[in-house]
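**Student:** Let's see this in three dimensions:
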Amino acid sequence: MTFHDFQFDSKLQEGLDAINFTTPTPVQEQAIPPILEGKDIIAAAQTGTGKTAAFLLPVINRIIQEAAEHQSIKALIVVPTRELAIQIDQQMEGLSYFTSVNSIAVYGGSDGAAFAREKQALTQGADMVIGTPGRLMAHLKMNYVKLNHLKFLVLDEADRMLDMGFSQDLMNIISYLPAKRQNLMFSATMPPKIRELTKKILQDPLEISIAISKPAERVKQGAFILYDYQKLQVAVGLLRTQDLKSVIVFCSTKQNTKNLTQELKRAGLNAEEIHSDLEQKEREHVLNEFRNRKISILVATDILSRGIDIEDIEMVLNFDVPRDAEDYIHRIGRTARAASKGTAYTLVGEKEQGKFYQIEQLMEMTVPKGKFPPNFGETPEYNPKKNRGGDERRGGFRKKKN
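**Tutor:** A predicted model of the protein is given here:
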């Protein structure tokens, strides 16, 4: 199957040909036809599967086909983070380049001038609005956003929005929308709360499931079992001994991210941090520097584990064990995207063993454990049933005590 088989509008297809979009991914192949037919869908798909284009392309095509004389908002895409809103808006710009369909992204973390620009664009009526729940509600409450001609509602990363406490905001946003509309929901996981949300929002949806809880086969995985105070030594060793130009190091907390970045810089490594304490402009600057290879090591919280599309990540290093298998998969899924290969290592502290074992069980696989040289020093045994630890959510950043 090729994208030509979907019989998109000629201008939309021209854009796809220009960026060498030829063969749809499985989620695109399954989701695009029913969306074109006007059906509600709920799709379970990991990041990196092409799910953004799976909803953007048919929605753009429908907007072209149903072109109205009046300029009005036709589609609303709700996402959990500003980074994802920016990314979708950028992808939208590329896919719709040869069409007349336009979009605007609205998100928090910017100044009053940005809010005013958003207000002006929303008042004029962009075809597609991409936004975070809080920012969308801020505009909707002021009653200048007209949604009476809206045809499409898309909820992307729906599970993460619920995890972040946006459930009530989502229902408030939906209260402003016309009852007659097409609803599209994309989620990495399908917990009971997503099923409940589906019942409230979607009408007789078609369910699409693209294998979840399985890491990409092209990712070479490994884990090192150690004490917390040994993590920094191993991290520096891994980053120094390999000539890598693009590495993401994940930490479970902002404080660990800050601490580790400082230590890596002291070790002479080209590292920068990104987390929610940075201003939006700072975060965008760091991401651009990383994309352009001016920064080789990006130390991040899970804000980067979902949704952000950065090409050619050579290695992912989990400095802290993530909270569950889905987060682990999202993290290591930053590498080995498209047809490339990549490596992912996890540093497993003694009290994180139980959590890492649960991840292995859910993935139905055993991650190979790395061995240390004889002069490295004592390390703990991998005995996860014994070493479950207490509060394992925060991970570990410890220096060896003198």
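**Student:** CA only for contacts and neighbour counts going forward, please
**Tutor:** OK.
**Student:** Find me the pLDDT at His70, would you?
**Tutor:** In this prediction, His70 carries a pLDDT score of 61.
**Student:** Do I have it right that Leu170 meets Pro133?
**Tutor:** Yes - with contact defined as C-alpha atoms under 8 Å, Leu170 reaches Pro133; the gap is 6.6 Å.
**Student:** quick one, which of the two is more surrounded?
**Tutor:** Neighbours were counted for Leu170 and for Pro133 using other C-alpha atoms under 10 Å; Pro133 has more, 26 against 22.
**Student:** Check the gap between the more buried one and Arg195 for me.
**Tutor:** Using C-alpha to C-alpha, to the nearest Å, Pro133 is found at 20 Å from Arg195.
**Student:** can you check Val316 too?
**Tutor:** Val316 is 32 Å from Arg195, by C-alpha to C-alpha.
**Student:** Looking at these two, which is more packed in?
**Tutor:** Val316 (26 against 11).
**Student:** Sheet partners, orientation included, of the helix or strand hosting that one?
**Tutor:** Per DSSP states H and E, Val316 falls inside strand 315-318. Neighbouring strands of strand 315-318 in its sheet, by DSSP bridges, are strand 247-250 (parallel), strand 342-348 (parallel).
**Student:** What average pLDDT does the first one get?
**Tutor:** Which is strand 247-250. For strand 247-250, the per-residue pLDDT averages 95.
**Student:** Show me what counts as buried in that strand.
**Tutor:** Val247, Ile248, Val249, Phe250 (16 or more other C-alpha atoms under 10 Å).
**Student:** Test of understanding: give the bridge partners of the first one.
**Tutor:** In this case it means Val247. Here Val247, judged by DSSP bridges, has bridge partners Ile297, Met315.
**Student:** Do a quick rundown of the helices in the chain.
**Tutor:** 10-18, 26-36, 51-65, 82-95, 112-124, 133-140, 158-163, 167-174, 192-201, 231-241, 254-266, 280-291, 325-332, 353-363 (DSSP state H).
**Student:** okay if I get those as TSV plus distance to Pro384 and mean pLDDT?
**Tutor:** Compiled in TSV, the helices of the chain are given as follows (distance: least, C-alpha to C-alpha, whole Å; pLDDT from 0 to 100):
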stretch	distance to Pro384	mean pLDDT
helix 10-18	49	92
helix 26-36	36	95
helix 51-65	35	95
helix 82-95	35	92
helix 112-124	50	89
helix 133-140	39	96
helix 158-163	27	91
helix 167-174	35	95
helix 192-201	28	91
helix 231-241	18	93
helix 254-266	23	94
helix 280-291	36	89
helix 325-332	16	78
helix 353-363	4	85
